[in-house]
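In: Predicted model, plus sequence, below.
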Amino acid sequence: MKTRITELFGIQHPIIQGGMHYVGLAELAAAVSNAGGLGIITGLTQRTPENLAKEIARCKEMTDKPFGVNLTFLPTVNAPDYPGFVRVIVESGVKVVETAGNNPSAVLPHLKEAGIKVIHKCTSVRHALKAQSIGCDAVSVDGFECGGHPGEDDVPNMILLPRAADELEIPFVASGGQADGRSLVASLSMGAEGMNMGTRFIATKEAPVHEKVKQAIVAASELDTRLVMRPLRNTERVLTNDAVERLLEKEKRLGDKIKFEDIIDEVAGVYPRIMQEGDMDAGAWSCGMVAGLIHDIPTCQELIDRIMQQADDIISKRLMGMLGR
Ligand SMILES: Cc1cc2nc3c(=O)[nH]c(=O)nc-3n(C[C@H](O)[C@H](O)[C@H](O)COP(=O)(O)O)c2cc1C
């Protein structure tokens with residue numbers, strides 16, 4: 001399939017694996033890229049620019065296809081060494097960066113100067129337009145159903161994608177709730193040029209996370225996610241567990257008076273314990289409603305081939321058939 005996104009990134013299929021903390025390591029990024037999509041290493045999981053350089057080198061040993069690096073701008077006081085991460089990305093010859101979390105204008109000139117394509121992930125049309133105006137090459141539009149941070153507007157993709165199509169000139173991919181060929185065709189029909197998947201890629205053979213995480217996604221239904229940290233205006237969609245229910249109880253009890261310190265036990269330092277140790281009640285971890293559509297743990301190649309085959313069947317048989325052609 002050829003779209004403005006496959007052309008922009010030099011990939012075979014319009015499918016991107018979004019950055020995911022403690023999931024987007026070299027193994028997953030390489031597997032997605034080798035299967036014809038765009039794999040993405042999550043920069044901040046590496047903690048230091050030196051570690052990121054090593055992770056990029058590891059990924060290059062596993063694939064000669066294009067892959068990207070995610071840079072997430074966090075609302076923290078002790079900011080990570082973003083200039084150092086950008087230097088390593090430029091020096092290592094990475095060709096694509098996925099930015100997220102906040103306006104990427106501080107790093108954009110350095111990335112563009114090095115010829116790097118930038119796709120910014122955002123949750124609203126106004127942020128997508130801002131990304132376009134500062135020179136991003138593409139955007140990833142994250143609907144309310146997405147795993148991770150859906151923003152505070154709560155607009156699902158059925159509305160958000162056509163709205164983005166009406167306003168944007170740069171190409172965009174649909175993100176949030178994407179799982180299969182049906183998602184891809186629906187997103188294309190709403191104006192997107194491809195799709196970005198998070199949760200679906202965790203339940204793959206190559207995702208370097210504990211088996212219990214993959215099984216939890218397969219076992220979950222679309223009713224099993226919760227929104228946490230809304231009172232802090234840092235809303236995150238996570239899979240429910242004991243820690244999440246405890247967190248929600250605190251939010252209810254403390255109301256507007258809640259501070260980050262009140263929920264630190266449920267959210268800080270959780271990712272390594274969940275993703276690497278499989279300690280499934282350690283705290284809140286991002287997961288999309290799309291878990292309800294995930295029933296198996298294929299390889300990335302099997303998953304992407306299946307998506308493309310299903311998309312082809314829907315377009316050429318089901319839809320063309322409806323037109324009587
Ligand atoms: C476990 C997990 C961790 C994530 N970590 C990040 C992150 O560090 N940075 C980021 O930009 N997005 C992160 N995301 C969001 C994904 O890149 C993607 O936008 C989102 O998962 C899409 O929704 P879906 O899960 O419905 O496919 C994360 C998502 C999940 C499920």
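Out: Structure received.

In: Show me where the protein has its strands.
Out: Ranges of strands in the chain, per DSSP state E, are 15-17, 39-42, 67-72, 96-100, 117-122, 138-142, 172-175, 195-197, 225-228, 236-239.

In: Can you lay out the ones you listed as CSV showing mean neighbour count and distance to residue 306?
Out: Every residue, glycine included, has its C-beta placed from N, CA and C. As requested, those are arranged in CSV below (neighbours: other CB atoms under 10 Å; distance: least, CB to CB, whole Å):
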stretch, mean neighbour count, distance to residue 306
strand 15-17, 31, 11
strand 39-42, 27, 17
strand 67-72, 26, 21
strand 96-100, 26, 24
strand 117-122, 26, 24
strand 138-142, 28, 22
strand 172-175, 30, 18
strand 195-197, 31, 13
strand 225-228, 20, 24
strand 236-239, 23, 24
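
In: which residues sit in contact with the closest residue to the ligand within the stretch 101-250 of the chain?
Out: The ligand sits closest to residue 198 of the stretch 101-250 of the chain, with a gap of 1.9 Å, by CB to the nearest ligand atom. Residues counted as contacts of residue 198 (CB atoms under 8 Å, 6 or more residues apart in numbering) are 17-18, 20, 146-148, 175, 286, 288.

In: can you pull the pLDDT of the closest residue to it other than its chain neighbours?
Out: Once flanking residues are discounted, residue 198 sits nearest to residue 18: 4.5 Å by CB to CB, 6 or more residues apart in numbering. If you check residue 18, the pLDDT there is 98.

In: if I look at residue 18, how far off is the ligand?
Out: 2 Å (CB to the nearest ligand atom, to the nearest Å).

In: per-residue pLDDT, the residue of the stretch 101-250 of the chain closest to the ligand?
Out: 98.

In: Relative to residue 170, how far out is it?
Out: 21 Å (CB to CB, to the nearest Å).

In: now swap in residue 254 and tell me
Out: Taken as CB to CB, the span from residue 254 to residue 170 is 42 Å.

In: Quick check: residues of the chain near the ligand?
Out: Applying CB under 6 Å from any ligand atom, one finds that the chain approaches the ligand through 18-21, 23, 42, 70, 72, 100, 121, 142, 146-148, 175-178, 196-200, 285-288, 290.

In: Enumerate every residue touching residue 74.
Out: Contacts of residue 74 (CB under 8 Å, 6+ apart): 44, 80, 101-102.

In: would you list these in CSV and tack on pLDDT?
Out: CSV is the format used below for the contacts of residue 74 (pLDDT from 0 to 100):
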residue, pLDDT
44, 96
80, 93
101, 95
102, 93
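
In: What subset of these is buried?
Out: 44, 80, 101 (16 or more other CB atoms under 10 Å).

In: Is it possible to get a markdown table of the residues you listed that adds distance to residue 152?
Out: Output for those, formatted as a markdown table (distance: CB to CB, whole Å):
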| residue | distance to residue 152 |
| --- | --- |
| 44 | 22 |
| 80 | 24 |
| 101 | 14 |
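
In: And the pLDDT at residue 324?
Out: 89.

In: Ok, residue 77 next?
Out: pLDDT, read off for residue 77, is 69.

In: quick one: contacts of stretch 38-47?
Out: Residues contacting stretch 38-47 (CB under 8 Å, 6+ apart): 9, 11, 15-26, 28-33, 52, 54-56, 59, 63, 66-72, 74, 80, 85, 89, 96, 98, 271.

In: Kindly format the C-alpha coordinates of it as CSV.
Out: Extracted in CSV, the C-alpha atoms of stretch 38-47 (Å, rounded to 0.1, in the frame of the first residue of the first chain):
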residue,chain,number,x,y,z
LEU,A,38,8.0,1.7,11.3
GLY,A,39,9.4,0.6,14.7
ILE,A,40,10.2,3.1,17.3
ILE,A,41,12.6,3.0,20.2
THR,A,42,11.4,4.9,23.3
GLY,A,43,14.2,7.4,24.1
LEU,A,44,13.5,8.1,27.8
THR,A,45,13.4,4.4,28.8
GLN,A,46,17.1,4.5,28.2
ARG,A,47,17.6,7.2,30.8
